[in-house]
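K.L.:
okay, here's the prediction I keep looking at, along with the sequence it came from:
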Amino acid sequence: MNALGERIASLIAAQGPLSIAQFMAMSALDPQYGYYTTRDPLGLGGDFVTAPEISQMFGELAGLWCVQAWFDQGRPPHARLVELGPGTGSLMEDALRAAKLAPEFREAVEIVMVDANPALVVRQKARLANAGVSVTWQAQFDESLCNWPLFLIANEFFDALPIRQFVQTARGWCENMVTLDANQNLALGLSPDPLPLNIPSGRGEATDGAVYETSPASTALAEEIGRAIAMRGGAALILDYGYSGDGFGDTLQAVGEHQFRDVLTRPGEIDLSAHVDFDALAHAAKRGGAVSYGPVTQGELLTGLGILNRMMNLQRQNPGDREEIAVAVDRLINPDQMGTLFKALAILPHGAPTPPGF
Ligand code: SAH
């Protein structure tokens, strides 16, 4: 067991089992050993590759999506462009370059990057040093970002937020907890007492063994974003791997060095994530007073935003990279690759036009 594992084990020995959400939060954000406080998951030899790293077209289209929403809402002269979990900063770099088509937009927005990872913040600062706009950073989303129209992008951010898991048993829904086995190793175990749960009706029948996941941190944040957009205007584009509709399932996963790993061993050294429940985010945004669109698949969104035209233009400008550009687009939109598993949700104020791609 690693040092963070030892620390979690002694906490459990002293205070009893932890929820999976508590375990994920410690694994991600422990100041000394946490995955997102101490590691660069996207670095050379990192743990995973994301859409903005696959092609510049992804960030360009996300940026133009925000520009269009800003035009649709009457070009508010003071607005914020916020990215949650910007990784290496490449999405924002590509978005801002594309937004040069609308210099008024670049002048109107104050750009805020929200990231808890100091190593990634260093990379983001270097990346945006020549973007020609002023950018500020903060570790968490908060109220200070809610007093102007809010244009927000979050790619592969919500999957990193902690989830709780509940399992249907003969006794009712019991919480899946992180506890200790007979050898004092971390192990999963069900809470002895069942909990009363309000399962959304769209999920269908749960049989014994069904797993139901919630992410209180995600829904609280989506509600806050929805409230800000409902009150001040703006638009949010949330992209991630995830699901919508009926069914149950365990989606908690650990990834290290591009491979699936055991969830409990090596906390803080590997990436823990879960598929995003888009219906839960949509409901939360509506509770905040906003309107939601989608989810649509990433393939539908990018195709609707014109990625195939953009691809042909790029290929004309870079004939030597024709094949590489086509392969990147295929990775992003092909249903067998990221096109269907990845989905997009939009959050807008009542009365705003339907956003492009939805
Ligand atoms: N959006 C980027 C990076 C995805 S990785 C891309 O698509 O390439 C997840 C990002 O969210 C990282 O930048 C990570 O540091 C940040 N992050 C994860 N959990 C966070 C939290 N609880 N608070 C703030 N930032 C977080």
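P.N.:
Noted; the coordinates are in hand.
K.L.:
let me see the contact set for the residue nearest to Gln298 when sequence neighbours are not counted.
P.N.:
Spatial nearest neighbour of Gln298, chain neighbours left out: Phe342 (3.7 Å); criterion: C-beta to C-beta, 6 or more residues apart in numbering. Any C-beta I mention is one placed from the backbone N, CA and C, and that applies to glycine too. Phe342 makes contact with Ala51, Leu239, Asp240, Tyr241, Gly242, Thr297, Gln298, according to C-beta atoms under 8 Å, 6 or more residues apart in numbering.
K.L.:
please tell me how far Val327 sits from the ligand.
P.N.:
18 Å (C-beta to the nearest ligand atom, to the nearest Å).
K.L.:
hang on, that residue in a helix?
P.N.:
Yes. Counting by DSSP: H, G, I helix; E, B strand; the rest coil, Val327 falls inside a helix.
K.L.:
distance of it from Ile333?
P.N.:
In this view, Val327 and Ile333 are 12 Å apart by C-beta to C-beta, to the nearest Å.
K.L.:
what of Val109?
P.N.:
With distances taken as C-beta to C-beta, Val109 is found 28 Å from Ile333.
K.L.:
same question, Gln68
P.N.:
20 Å.
K.L.:
quick one, which of those two is more surrounded?
P.N.:
Taking neighbours as other C-beta atoms under 10 Å, Gln68 and Ile333 compare with Ile333 leading, 22 against 18.
K.L.:
ok, that one touching Leu302?
P.N.:
Yes. Counting by C-beta atoms under 8 Å, Ile333 does reach Leu302; the two are 5.3 Å apart.
K.L.:
what segments of the stretch 1-150 of the chain are helices?
P.N.:
Remark: helices assigned in the stretch 1-150 of the chain by DSSP state H, counting those that start in this stretch are 3-15, 20-29, 35-38, 51-54, 56-72, 90-98, 103-108, 118-128.
K.L.:
before we move on, what about the stretch 151-300 of the chain?
P.N.:
Under DSSP H, counting those that start in this stretch, the stretch 151-300 of the chain gives helices at 216-232, 278-287, 298-304.
K.L.:
the first one vs the ligand: in contact?
P.N.:
No. With C-beta under 6 Å from any ligand atom as the threshold, helix 216-232 lies outside contact range of the ligand, at a closest distance of 7.5 Å.
K.L.:
stretch 148-161 too?
P.N.:
Yes. Stretch 148-161 is in contact with the ligand by C-beta under 6 Å from any ligand atom, via Asn155, Glu156, Phe157, Ala160.
K.L.:
grab the nearest non-local neighbour of the last one.
P.N.:
Pointing back at Ala160 there. With sequence-adjacent residues excluded and distances taken as C-beta to C-beta, 6+ apart, Ala160 is closest to Ser273, at 5.5 Å.
K.L.:
identify the residues contacting that neighbour.
P.N.:
Contacts for Ser273 (C-beta under 8 Å, 6+ apart) come out as Asp159, Ala160, Leu252, Gln253, Val255.
K.L.:
now list the buried members of these.
P.N.:
Asp159, Ala160, Leu252, Gln253 (16 or more other C-beta atoms under 10 Å).
K.L.:
how about the third one: what's its closest non-neighbour residue?
P.N.:
It refers to Leu252. Nearest residue to Leu252, sequence neighbours excluded (C-beta to C-beta, 6+ apart): Ala274, at 5.0 Å.
K.L.:
that neighbour contacts Val255, correct?
P.N.:
No. With contacts counted by C-beta under 8 Å, Ala274 stays clear of Val255, the gap being 11.7 Å.
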